[in-house]
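[1] Sequence and predicted structure are below.
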Amino acid sequence: MIPDKYAYLSLAMMYMIVWGIVFWKNPWKKGMIKVGVAGGMMGMIAELWYFRDYWRPPTIFGTGIIGIEDYIIGFALFGVGGYIYSSFTKREIDQSRQSKAVNRQFFFMFVLACFSLTVFSVGLGIHSGYVTFLIFLVLSIYIWFKRPDLIGQSIISAFAMLAISFVIYYINFNILFPHFWDTYGMLDVPVLGMKVFNIPFSEMLWHFSWAMLCSMFRGFRNGVYYK
């Protein structure tokens, strides 16, 4: 039996395999790496909220502490979610159509997301799983209104990530570590705690909504349009 301390690392490395495939197909490799570096930091920061009520996973250095696994999976998820669509559709940038970059607006969205997660999760005691999904959904809808040309990319990326995550979670939490969520999860709440093939519904919802939002970051922030 594989020790539990490798469960999170195993999950992260499976996503890195997918990251490698997307990276190989991606024409914007430098951008994908830069996004991943930032994503790794966010993966670590996010645990400040999630350790409270979502999970306390074992890591190679201890249980319920921020570890290298958080950086790896953040690195992978930002890259996969942000570039899976452009890597496999091969849509070219429309050089004749570009709007002004919205870096300041993008930063305010990030601050608003962190503020909202803190207020509703920490301040009001609403489970972080609910709050995270609603934040991702609201920000996605906002970008859809601003850039309706990105809606298709957003939805396709969300379903692609959902399919990928289902396979990874099935392997990791049915074959390798079937007791993981019962032991380390904190999902005894309506809807989020539901399981399909021993996979928490909350996890599939998180990955779906994350890709729905993350896939639009590049086009929205940089004012990039595709042919």
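    Everything's here; your move. Numbers count the residues shown, from 1 in each chain.

[2] okay, now residue 30: neighbour count?
    Other residues near residue 30 number 8, with proximity taken as other C-beta atoms under 10 Å. Any C-beta I mention is one placed from the backbone N, CA and C, and that applies to glycine too.

[3] Also residue 18?
    19.

[4] give the contact list for it.
    Neighbouring residues of residue 18 by C-beta atoms under 8 Å, 6 or more residues apart in numbering: 76, 80, 164, 168.

[5] got the contact list for the second one?
    Neighbouring residues of residue 80 by C-beta under 8 Å, 6+ apart: 15, 18, 19, 22, 161, 164, 211.

[6] returning to that earlier point: from the contacts of residue 18, which single one is nearest residue 89?
    Nearest to residue 89 among the contacts of residue 18, counting by C-beta to C-beta, is residue 80 at 14.6 Å.

[7] Is the closest one in a helix, a strand, or coil?
    Look at residue 80: counting by DSSP: H, G, I helix; E, B strand; the rest coil, its state is helix.

[8] just checking, next helix/strand downstream of the top helix by length along the chain?
    Of all segments of type helix in the chain, defined using DSSP state H, the longest is helix 29-53. Going down the chain from helix 29-53, the next helix or strand is strand 58-59, by DSSP states H and E.

[9] ranges for the strands of the chain?
    Secondary structure of the chain, counting by DSSP state E: strands at 58-59, 62-63, 93-98, 195-196, 199-200, 224-226.

[10] Output those as a markdown table; include the columns distance to residue 140 and mean pLDDT.
    Formatted as a markdown table, those follow (distance: least, C-beta to C-beta, whole Å; pLDDT from 0 to 100):
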| stretch | distance to residue 140 | mean pLDDT |
| --- | --- | --- |
| strand 58-59 | 30 | 94 |
| strand 62-63 | 33 | 90 |
| strand 93-98 | 22 | 66 |
| strand 195-196 | 23 | 91 |
| strand 199-200 | 21 | 95 |
| strand 224-226 | 17 | 76 |
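
[11] In JSON lines: the ones you listed, plus distance to residue 180 and mean neighbour count.
    Formatted as JSON lines, the strands of the chain follow (distance: least, C-beta to C-beta, whole Å; neighbours: other C-beta atoms under 10 Å):
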{"stretch": "strand 58-59", "distance to residue 180": "9", "mean neighbour count": "22"}
{"stretch": "strand 62-63", "distance to residue 180": "12", "mean neighbour count": "12"}
{"stretch": "strand 93-98", "distance to residue 180": "41", "mean neighbour count": "11"}
{"stretch": "strand 195-196", "distance to residue 180": "11", "mean neighbour count": "13"}
{"stretch": "strand 199-200", "distance to residue 180": "10", "mean neighbour count": "20"}
{"stretch": "strand 224-226", "distance to residue 180": "39", "mean neighbour count": "17"}
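
[12] All set, thanks.
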